[in-house]
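[1] here is the input, now give the coordinates:
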Amino acid sequence: MRASVLIIEDDSDVAQLIAMYLKDEGIEPRIAGSAEEGLAMARGRACDLVVLDLNLPGMDGFEFLKGFRSSSSVPVLIASSRESDEDIIRGLGSGADEFVGKPFSPRVLAARVKAHLRRSGEKAREGARIGELAFDLETLIAERDGRRVSMPTKEAELLAYLYRRRGQAVPSEEIYRDVWDNSFGDLTTVAVHVQRLRRRIEPDPSKPIYIRTVYGVGYRFDAPAADPEAAMKAR
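    As a prediction, the model looks like this:
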């Protein structure tokens, strides 16, 4: 399946030029003439990357980023003539992955898009699917049905840690040492965070099928038969 890139640009000539070069690279372009249209298109059909102008009619690019980042973690490349330090800092701080100033070479822009798609594809291979939850082991970003799931950093770190050691019974002391970077402390911290994680990922937290308690030891992440991708990785 070809990668899909959403181009949000109100100048139709610029948008068509970008689209032409992306097509030449085997990428499927989709064009939105406004931030509002772009958000609607992104929510209606997932994309793999967004090329975003800042100067847009109605909602501007910064407002788009705020709405888009509430539900998606795909790369965003800003391509704009607004390239003051303040605009660049604000754009990157709002969730963009790169900033390219106008005028730009469409050939170089297409190469930058390909590089971001390649890196995001590599990260995807480091991901996990836990029931209905897609979880990136590198960025610690969780999504359900294409929408980002808010998860405290320490819970995300614990989930990644247990998943990477799936099938192993890991002592609570070892979990606390590695995840909290502390050999001394209250081990009930581990139990509390496990309970919170179960409420997020288990179909029935009272009967966990993923994070199981190994009495007298600690916890083990299991891949149930109903989760074939995780089961395959656990072999």
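[2] pLDDT below threshold where in the chain?
    Filtered on pLDDT under 70, the chain yields the residue ranges 1, 121-126, 224-235.
[3] ranges for the helices of it?
    12-24, 35-44, 61-69, 85-93, 106-124, 153-164, 172-179, 188-201, 228-234 (DSSP state H).
[4] so the chain: which segments form each domain?
    Taking automatic domain parsing as the domain assignment, the ranges for the chain are 4-124, 127-234.
[5] now, of the helices of the chain, which is deepest in the fold?
    Mean neighbour count, computed with mean count of other CB atoms under 10 Å, is highest for helix 61-69 among the helices of the chain, reaching a mean of 20. For the C-beta atoms, the positions are set from N, CA and C on the backbone; glycine is no exception.
[6] need the residue closest to the centroid of this protein.
    In the chain, the centroid-proximal residue (CA atoms, centre = their mean) is residue 73; its distance is 3.6 Å.
[7] how many residues are close by the closest residue to residue 81 other than its chain neighbours?
    Nearest non-adjacent residue to residue 81, counting by CB to CB, 6 or more residues apart in numbering: residue 102, 4.1 Å away. Residue 102 has 15 neighbouring residues, counting by other CB atoms under 10 Å.
[8] confirm for me that residue 102 is in contact with residue 79.
    Yes: if you go by CB atoms under 8 Å, residue 102 and residue 79 touch, sitting 6.3 Å apart.
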